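Visitor: Please find the sequence and the predicted model below.
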Number of protein chains: 2
Amino acid sequence: MRRFVIGQAKNLIDQTRRRQRHHKSLRLLSLLAASDSALVLSSPRLFSSSSDMSGSGSDSSSSSLPVTLDSLNPKVLKCEYAVRGEIVNIAQVKAINFVLSCVLLKYETVLLILLSSPTLQKLQEDLKINKDAYPFDEIIYCNIGNPQSLGQQPITFFREVLALCSHTALLDESATHGLFSSDSIDRAWKILDQIPGKATGAYSHSQGIKGLRDAIAAGIEARDGFPADPNDIFMTDGASPGVHMMMQLLISSEKDGILCPIPQYPLYSASIALHGGSLVPYYLDEASGWGLEISELKKQLEDARSKGITVRALAVINPGNPTGQVLAEENQREIVDFCKKEGLVLLADEVYQENVYVPDKKFHSFKKVARSMGYGENDVCLVSFQSISKGYYGECGKRGGYMEVTGFTSDVRAQIYKLASVNLCSNISGQILASLVMSPPKPGDDSYESYIAEKEGILSSLAKRAKTLEEALNKLEGVTCNRAEGAMYLFPCINLPQKAIAAAEAAKTAPDAFYCKRLLNATGIVVVPGSGFRQVPGTWHFRCTILPQEEKIPAIVNRLTEFHKNFMDEFRN
Amino acid sequence: MRRFVIGQAKNLIDQTRRRQRHHKSLRLLSLLAASDSALVLSSPRLFSSSSDMSGSGSDSSSSSLPVTLDSLNPKVLKCEYAVRGEIVNIAQVKAINFVLSCVLLKYETVLLILLSSPTLQKLQEDLKINKDAYPFDEIIYCNIGNPQSLGQQPITFFREVLALCSHTALLDESATHGLFSSDSIDRAWKILDQIPGKATGAYSHSQGIKGLRDAIAAGIEARDGFPADPNDIFMTDGASPGVHMMMQLLISSEKDGILCPIPQYPLYSASIALHGGSLVPYYLDEASGWGLEISELKKQLEDARSKGITVRALAVINPGNPTGQVLAEENQREIVDFCKKEGLVLLADEVYQENVYVPDKKFHSFKKVARSMGYGENDVCLVSFQSISKGYYGECGKRGGYMEVTGFTSDVRAQIYKLASVNLCSNISGQILASLVMSPPKPGDDSYESYIAEKEGILSSLAKRAKTLEEALNKLEGVTCNRAEGAMYLFPCINLPQKAIAAAEAAKTAPDAFYCKRLLNATGIVVVPGSGFRQVPGTWHFRCTILPQEEKIPAIVNRLTEFHKNFMDEFRN
């Protein structure tokens, strides 16, 4: 099998050698094949980022060790292996598709693994040493919604408060007043006063510090115009743990289904797989700007029920990831009514609530929509997820967020509380930041003007980048791209020539992954194939973030345009 | 049923009214009963910390809501309900045992829920308003290992570095040199240089920032005298997520067992229940200072196997929680050999590695012990958990930690990596602190002397408190208490009179919970009943932390001594 795999990799290289216009990009494939041979020969750790790939890593043939893949929790394995029913051997994947190997592994974890892909890191390192071996100078990461990694600066006020709360002795020093804005000092005091004993190093209430939840509830009220209860807030280390908690709560077996959009952010499919449930897909309508049709929801719900699946919840991502659409309020009302009528929990992923770029759309929280329809606490089960990782703040590494849980009975809430307690509490720095993003400086505050300038600067630049990239993509032969109304992504459809699809099939790779790999090889631009998010069968997409700094966008457009032209020239039917 | 429960509560109050010496403590029980009536009448949110208990909380009788207890994941429910096979209704528990209700709920979550127990918070609030109604002035929390909540100060150097990394603009200001130690500034620069783009707000590698893992690996090497590989380090938000990750990996069904010490920290039983596995208990030998006997491990392993359970791992907590013992190196060697021979993963909870208080004991990591026996990477599957929440640093709220994973095959490691990726990465502040605790200031550094003074001050004071409390406990009638050799706890055995056991039975509460509740009512001292950790059937214990500040210890000893005498006088056979 391994010999077969190496053979296939060599064939691929040979084919590519014949075809490639930029012979420099061979460097990449050679690197892969060499590295893969090392893998096959010495079985290094698959995900080791050590440069010593022939190191002391243990071998899967070590029969003396008690843990083997066969003995692991099959749900953990399944989270990775269910690519359209096809089992893909990891080694095989590595042999054929080194750089984007993750793409082939599985829908569910593709994004998550790409995030810190050791292969990309290896490429990055090799690029430093062997500059001349590549047809590009730098890797441009358009794969992950990780703004600060691409140079976006944190909001000064937020970081001032965080620093003061981290080292509270600063608050007693007069020199501090020369270094910090006066409202950051006031805010730090206020936050410390809300923490028992001012102890930012102590475990908090499992739902988060009460005073910080008060600030978040006040922020939700100001946003929605409807009351919010701090006791409904569960603070979390980013939005992901909240999603896992709800999946853990709702899923008992594969008979429990969760309606998820396709395309979708793979956190949902990964979490459903890990908890052993069934993902019930509903397709967003690309033709209507990734519209969410109630008729499609009904159809998929009935289909799932006919298979004996009890659908427990509907997940909606608004603004959309990877699709970037912003739902219209009227559409949201229909969705709320659908959940109410069908007895579904509405899981509202609202982490991009600050990221709306078009004047004709506005973010409305599902809670506001439900309340404005007259539905109260006892009418709709609604969980809204928010994160400090997105918005204009982009504090991904700080791992903060919350979920607002409404409409559950007291006994069910007690179970949610228990799950929150099992990991004691979310991190306090993240909790502080979550309270700050929901209660930023106000007019008259010392920081207000600079805060607004920073915020507007980031958001207006993101809007410009989205527009420029969208226009460029729509100029490409066979590519159509909906507007990025919100979030941080474009999700263009690529109408690939039959010859390209055949070449991808020959290389045992998905056609969009084939395209993305070629794009990377030729330009250094990293995007994620649509297969990572699922898509209507037979259509091909990729997700491209709008996050590279503005001055880099023209170069990205040029490189992408040139690559695409060459690709189409090579494969045009 | 509810009426029955209220009746029982009233009976309990009446009985207590007749018995109590301090009539003031009736206030507490009345508060409970009143609050419980409100519960039964208006079904408030069980775990709401709102002071308005008759508020807008949804009712479990709301038939229009789709989620009920019956439809939840039974593993989530089971995590709470398996009290010695007895199902305890939450409302019933609340009626009878308000303050320590959690104790009766379940072994698994007792500690976790007690951490932020709304009932204790309510008591705390009522104590402020109705000072004269209680026989004590303040609640003394001896229930949770949460040092900074009790006034322990964070290590200055750690917080300086954290503040500088939080607000990096400080590093460009000359005034900063007057406010921070020079080595904290150097260290902050060093850390920032290890983070791509110096972006502390970006997602990191899923295992944690490579440079920080290098520092941790170097710290492990310095500690053990054996090599450590940064690629073996998985940084986590505290130790708990690491434990969950390993349980998720190893447990497929109830046929998979994990050997756990009894008494044990309830994280283990909670995590095993959540993942649907079987806890295979092994009893620590109280008579030999909570010794870990290999014969007991063998016996329980064989017993589990005879029931068709595949035992996958052995969890060892060293230093022990709640028992405070430190394992002897020779004992650790036997444990390593046992795991090797029986094909078990060794899950080594080593979060108290800095907390050793007696000169005749020393902490040895299991990895050091295994390597010193000549076992290499391919011989033993070993996971060591470390946390920034314990030690002399006690940074619980910052949620940092790591696990060092050795001896797994590359394909299994890939699965661990995937699980780590699903939540993207642990929080960067926690990552920075984890690197600092494993690479603190060195001789010659600007902070070194003050750092050592702070560290030694905390550890020597903890040792003194442990000794004082241990001696006081051993002076009590019918109480025996092993040494707190390490960790943060004492776990005395209370030989309760038959009359007290009968009174507890009449009150439908565990005898040790009965004792602890009476202790709280009379003195304001909160400890956790042994039932929360499991214990040899028929024996009764409680866990008492050594964390209240030193000046409070004499008062605790006095109050405890007086209470115990009165209790024994009341119930002596």
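Guide: Looks like it came in fine. Residues are numbered from 1 along each chain as shown, chains lettered A, B, ... in the order given.
Visitor: alpha carbons only for contacts and neighbour counts from here, please
Guide: Fine.
Visitor: tally of neighbours for the residue nearest to A:Glu254 when sequence neighbours are not counted?
Guide: Leaving aside its sequence neighbours, A:Glu254 sits nearest to A:Gly277 (Cα to Cα, 6 or more residues apart in numbering or on different chains; 4.1 Å). Residues near A:Gly277, counting by other Cα atoms under 10 Å in any protein chain shown, number 24.
Visitor: Could you do A:Glu551 as well?
Guide: A:Glu551 has 9 neighbouring residues, counting by other Cα under 10 Å.
Visitor: A:Phe567 now?
Guide: If you count neighbours by other Cα under 10 Å, A:Phe567 ends up with 20.
Visitor: Could you look up the SS state of it?
Guide: Following DSSP: H, G, I helix; E, B strand; the rest coil, the label given to A:Phe567 is helix.
Visitor: Give me the distance between it and chain B.
Guide: Taking Cα to the nearest Cα, to the nearest Å as the criterion, A:Phe567 is separated from chain B by 32 Å.
Visitor: Surely the residue nearest to A:Glu254 and A:Leu249 touch.
Guide: No: between A:Gly277 and A:Leu249 there is no contact under Cα atoms under 8 Å: 11.1 Å.
Visitor: mind checking pLDDT for A:Gly85?
Guide: Residue-level confidence at A:Gly85 comes out at 22, pLDDT.
Visitor: Now do the contacts for A:Ile388.
Guide: Shown in contact with A:Ile388 (Cα atoms under 8 Å, 6 or more residues apart in numbering or on different chains): A:238, A:351, A:394-396, A:398-401, A:430, A:433-434, A:437.
Visitor: For the nearest residue to A:Val479 once chain neighbours are set aside, list the residues it contacts.
Guide: Leaving aside its chain neighbours, A:Val479 sits nearest to A:Ile494 (4.6 Å; criterion: Cα to Cα, 6+ apart). A:Ile494 makes contacts with A:Gly478, A:Val479, A:Thr480, A:Asp512, A:Thr539, A:Trp540, A:His541, A:Phe542, as judged by Cα under 8 Å, 6+ apart.
Visitor: Highest neighbour count among these?
Guide: A:His541 (30 neighbours).
Visitor: Quick check: that one touching A:Asn482?
Guide: No: assessed by Cα under 8 Å, A:His541 is found out of contact with A:Asn482, at 11.6 Å.
Visitor: who touches both of these two?
Guide: Shared contacts of A:His541 and A:Asn482, defined by Cα under 8 Å, 6+ apart, comprise A:Phe491, A:Pro492.
Visitor: Secondary structure element holding the residue of chain A most remote from its centre?
Guide: For chain A, the C-alpha farthest from the mean C-alpha position belongs to A:Ser174; by Cα atoms, centre = their mean, that distance is 42.6 Å. A:Ser174 is part of no helix or strand when elements are defined by DSSP states H and E.
Visitor: what pLDDT does it get?
Guide: On the pLDDT scale, A:Ser174 gets 94.
Visitor: Stretch A:224-242 vs chain B: in contact?
Guide: Yes: on the criterion Cα under 8 Å from any Cα of the partner chain, stretch A:224-242 is in touch with chain B at A:Asn231, A:Asp237, A:Ser240, A:Pro241.
Visitor: Any stretches of the stretch 1-150 of chain A with poor pLDDT?
Guide: Applying pLDDT under 70 to the stretch 1-150 of chain A flags the ranges A:1-66, A:77-119.
Visitor: Next, work out how far apart A:Phe408 and A:Ile272 are.
Guide: Distance, A:Phe408 to A:Ile272, by Cα to Cα, to the nearest Å: 21 Å.
Visitor: show me where the stretch 201-350 of chain A has strands.
Guide: With DSSP state E, counting those that start in this stretch as the criterion, the stretch 201-350 of chain A has strands at A:233-236, A:256-262, A:278-283, A:310-317, A:345-349.
Visitor: what packs against the second one?
Guide: So that's strand A:256-262. Under the contact definition 3 or more Cα pairs under 8 Å, 6 or more residues apart in numbering or on different chains; DSSP states H and E, strand A:256-262 sits against strand A:278-283, helix A:294-306, strand A:310-317.
Visitor: what mean pLDDT does it have?
Guide: 96.
Visitor: can you check the first one too?
Guide: What strand A:233-236 shows for mean pLDDT is 98.
Visitor: quick one: contacts of that strand?
Guide: Outside strand A:233-236, the residues within contact range by Cα under 8 Å, 6+ apart are A:206-208, A:213, A:216-217, A:242, A:399-405, A:420, A:425-427, A:431.
Visitor: Go again with 7 Å.
Guide: A:Gln207, A:Gly208, A:Arg213, A:Gly242, A:Gly400, A:Gly401, A:Tyr402, A:Met403, A:Glu404, A:Val405, A:Ser426, A:Gln431 (Cα atoms under 7 Å, 6 or more residues apart in numbering or on different chains).
Visitor: Neighbour-wise, give me the winner out of those residues.
Guide: A:Ser426 (33 neighbours).
Visitor: Among the contacts of A:Ile494, which lie within strands?
Guide: Members of those lying in strands (criterion: DSSP state E): A:Val479, A:Thr480, A:Phe542.
Visitor: Hmm, A:Ala472 is touching A:Val557, no?
Guide: Yes: assessed by Cα atoms under 7 Å, A:Ala472 is found in contact with A:Val557 at 6.4 Å.
Visitor: residues from the stretch 201-350 of chain A in reach of chain B?
Guide: Neighbours of chain B within the stretch 201-350 of chain A, by Cα under 7 Å from any Cα of the partner chain: A:201-206, A:231, A:240-241, A:248-252, A:343-344.
Visitor: quick check, A:Ile452 in a helix?
Guide: Yes: judged by three-state DSSP, A:Ile452 forms part of a helix.
Visitor: Any idea how many residues pack against A:Gly538?
Guide: 7.
Visitor: Next one: it, what pLDDT does it get?
Guide: On pLDDT, A:Gly538 comes in at 92.
Visitor: Which phi and psi values does the residue farthest from the centre of chain A adopt?
Guide: phi -70, psi -30 (degrees, to the nearest 10).
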